[in-house]
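Enquirer: Fold the following.
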Amino acid sequence: MVKIIFICHGNICRSPMCESVMKELVRREGLENEFVIASAATTTEEIGHDVHRGTKEELRKHDIPFEPRRARQLTRDEYEDWDYIVAMDTENMEDIPYIIGADKEHKVHRLMEYCGENRDVADPWYTGNFAKTYDDVLRGCRALLEKIKNEK
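Expert: Coordinates of the predicted model:
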């Protein structure tokens, strides 16, 4: 079983978008029984809130299913639960160690690294451009899935 958790600041825009996109990519490959996919925040700011309406609208445009959910924060004791802890940006990368401690198993990476890019996923919270975020998320999730399949 491959276990992936996507992390962003509030767990209402980028990380739940990644969660939904990756679940759909895995489903389309017929691999849904081989993966556990989730998302969480680095902060408590949005705890309990549902996915941002802009994220929902963008997912609907691409026929990506999603479920009602509540934002939650990553916890220290989750580190051992995940094979991949995938951050959306540099700030998340800086915040994650404060939550989980040292990344002794090198599980934490930014999503765009899987595309060979040293940059953050576009943040729609500030730009309102959920389409750009979706493009980054789709590219990153496809690259991550290919990496995982190639390692099997």
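Enquirer: what helices or strands is the lowest-mean-pLDDT helix or strand in the chain leaning on?
Expert: Here the helix or strand of the chain ranked lowest by mean pLDDT, DSSP states H and E is helix 124-127, holding a mean of 92. Contact partners of helix 124-127 among helices and strands, from 3 or more CB pairs under 8 Å, 6 or more residues apart in numbering; DSSP states H and E: helix 130-151. (Glycine included, C-beta is placed from N, CA and C.)
Enquirer: residues making contact with the helix it packs on?
Expert: With CB atoms under 8 Å, 6 or more residues apart in numbering as the test, helix 130-151 has contacts from 2, 4, 13-14, 17-18, 21-22, 25-26, 29, 54-55, 57-59, 61-62, 84, 86, 111-112, 114-116, 121-124.
Enquirer: Can you flag the buried ones in these?
Expert: Listed as buried from the contacts of helix 130-151 are 2, 4, 13-14, 17-18, 21-22, 25-26, 54-55, 58-59, 84, 86, 111-112, 114-115, 121-124; burial here means 16 or more other CB atoms under 10 Å.
Enquirer: So which of those are in helices?
Expert: Within the buried ones among the contacts of helix 130-151, residues falling in helices by DSSP state H are 14, 17-18, 21-22, 25-26, 54-55, 58-59, 124.
Enquirer: Dump the C-alpha coordinates for stretch 8-24 into CSV.
Expert: Listed next in CSV are the C-alpha coordinates belonging to stretch 8-24 (Å, rounded to 0.1, in the frame of the first residue of the first chain):
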residue,chain,number,x,y,z
CYS,A,8,-0.5,23.1,2.2
HIS,A,9,-1.0,26.1,4.6
GLY,A,10,-4.8,25.8,5.3
ASN,A,11,-5.9,22.5,3.7
ILE,A,12,-8.7,24.2,1.8
CYS,A,13,-7.2,25.0,-1.7
ARG,A,14,-4.1,23.2,-3.0
SER,A,15,-3.7,20.1,-0.8
PRO,A,16,-7.4,19.0,-1.2
MET,A,17,-7.1,19.7,-4.9
CYS,A,18,-4.1,17.4,-5.0
GLU,A,19,-5.9,14.8,-2.9
SER,A,20,-8.8,14.7,-5.3
VAL,A,21,-6.7,14.8,-8.5
MET,A,22,-4.4,12.0,-7.3
LYS,A,23,-7.3,9.8,-6.2
GLU,A,24,-8.8,10.2,-9.7
